[in-house]
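In: Here's my sequence, what's the structure:
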Amino acid sequence: MALFLLLVLVAIVLGIIGVVAKGLFYLLVIGVVVLVADFVLIGLRLGRRRRHLPR
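Out: Residues are numbered from 1 along each chain as shown. Take a look at the predicted model:
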């Protein structure tokens, strides 16, 4: 969970720097990619947990 929060924080910081600094739009794009990858990672972790629950 700490990795998830760290990656969200990094994505937000990169996005803010990418919007504020002129000519650094690529940082915004990298921030969005990191955020999407983070949500995919947490989705895979939650998906694995649901399969191992006893019925």
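In: Distance check, Gly47 against Lys22.
Out: 41 Å (C-beta to C-beta, to the nearest Å). For every residue, glycine as well, the C-beta is placed using N, CA and C.
In: more neighbours, these two?
Out: Between Gly47 and Lys22, counted using other C-beta atoms under 10 Å, Gly47 has the larger neighbour count: 9 against 6.
In: what ranges do the helices span in this protein?
Out: 2-20, 25-51 (DSSP state H).
In: can you list the ones you listed in TSV and add mean pLDDT?
Out: Formatted as TSV, the helices of the chain follow (pLDDT from 0 to 100):
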stretch	mean pLDDT
helix 2-20	84
helix 25-51	80
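In: contacting residues for the closest residue to Val8 other than its chain neighbours?
Out: Among residues not flanking Val8 along the chain, Asp38 sits closest, at 6.0 Å (C-beta to C-beta, 6 or more residues apart in numbering). By C-beta atoms under 8 Å, 6 or more residues apart in numbering, the residues touching Asp38 are Phe4, Leu7, Val8, Ala11.
In: The third one contacts Leu35, correct?
Out: Spelled out, that is Val8. Yes: counting by C-beta atoms under 8 Å, Val8 touches Leu35, with 6.7 Å between them.
In: quick revisit: buried ones among the contacts of Asp38?
Out: Applying 16 or more other C-beta atoms under 10 Å to the contacts of Asp38, the neighbour count classes Leu7, Ala11 as buried.
In: And the contacts of Asp38, which is closest to Gly31?
Out: Closest approach between the contacts of Asp38 and Gly31, by C-beta to C-beta: Ala11, at 4.5 Å.
In: Against Gly47, how distant is the spatially closest residue to Leu7 that is not a sequence neighbour?
Out: With sequence-adjacent residues excluded and distances taken as C-beta to C-beta, 6+ apart, Leu7 is closest to Asp38, at 4.1 Å. As defined by C-beta to C-beta, Asp38 lies at a distance of 15 Å from Gly47.
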